[in-house]
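Visitor: Any chance you can model this:
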Amino acid sequence: MADTYSPSVMWPNYSQNNVQKASTKTNEMGKDAFLKLMMAQMQNQDPLSPMDNTQMVAQMAQFSSVEQLTNISEQLSNLGRSLGNDSGLIGKQVTWVSSTKTGNYDVATGQSEVVVEKESGIVDSIIVRDGVHYVKVGDKEVKISDIEQVGDPAEETGGAGQGADPS
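Guide: Numbers count the residues shown, from 1 in each chain. All right, here's what the predicted structure looks like:
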């Protein structure tokens, strides 16, 4: 009688997390990889003709440059998320897209018209929730990334009011 085999294969050390990690590898060389490479080079050098001192200093300078560039990148990223930059919007008139709809279908072009509704108002405050910055306009909270236009508020205070459609 022939043996029967199950079509499913179980690998003892298989983990879905390992597959995800392997698929997200990048070709970028970070400071840790650079340091490991330099240490491996030093450990495996020929003892009869060791690395020249100038080469060692040049590699250490490169490592220092990589580390400083990484620090500058992190600081610029943090500056972009800085509340100080966003606080300049308080008291300014902002405009954002509140909704986008498709309108009438044009048979001749095969396209439907796009109706974009915009709202505007004066920023009362800035709110940070889960690392995302919002402006508070009246009772509405709008992501700062959704703001299309910033300007000084109009001189007249009557009429439309906050949250009104500017068109």
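Visitor: In this structure, mark out all the helices, start to finish.
Guide: Ranges of helices in the chain, per DSSP state H, are 16-23, 31-43, 53-80, 83-86.
Visitor: angle of the second one against helix 53-80?
Guide: For helix 31-43 against helix 53-80, the angle by axes from the mean of the first three to the mean of the last three C-alpha atoms, to 10 degrees is 170 degrees.
Visitor: Show me what helix 31-43 is in contact with.
Guide: 29, 51, 59, 62, 63, 66, 67, 70 (C-beta atoms under 8 Å, 6 or more residues apart in numbering). Yep, even glycine has a C-beta here, placed from its N, CA and C like the rest.
Visitor: out of everything not next to it in sequence, what's closest to the fifth one?
Guide: Closest residue to residue 63 apart from its sequence neighbours, by C-beta to C-beta, 6 or more residues apart in numbering: residue 34 at 5.6 Å.
Visitor: How many neighbouring residues does the one you found have?
Guide: By the criterion of other C-beta atoms under 10 Å, residue 34 has 15 neighbours.
Visitor: care to break this protein down by domain?
Guide: The chain breaks down by automatic domain parsing into domains covering 29-43+52-80, 88-151.
Visitor: Tabulate these (JSON lines), appending mean pLDDT.
Guide: Formatted as JSON lines, the domains of the chain follow (pLDDT from 0 to 100):
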{"stretch": "domain 29-43+52-80", "mean pLDDT": "79"}
{"stretch": "domain 88-151", "mean pLDDT": "85"}
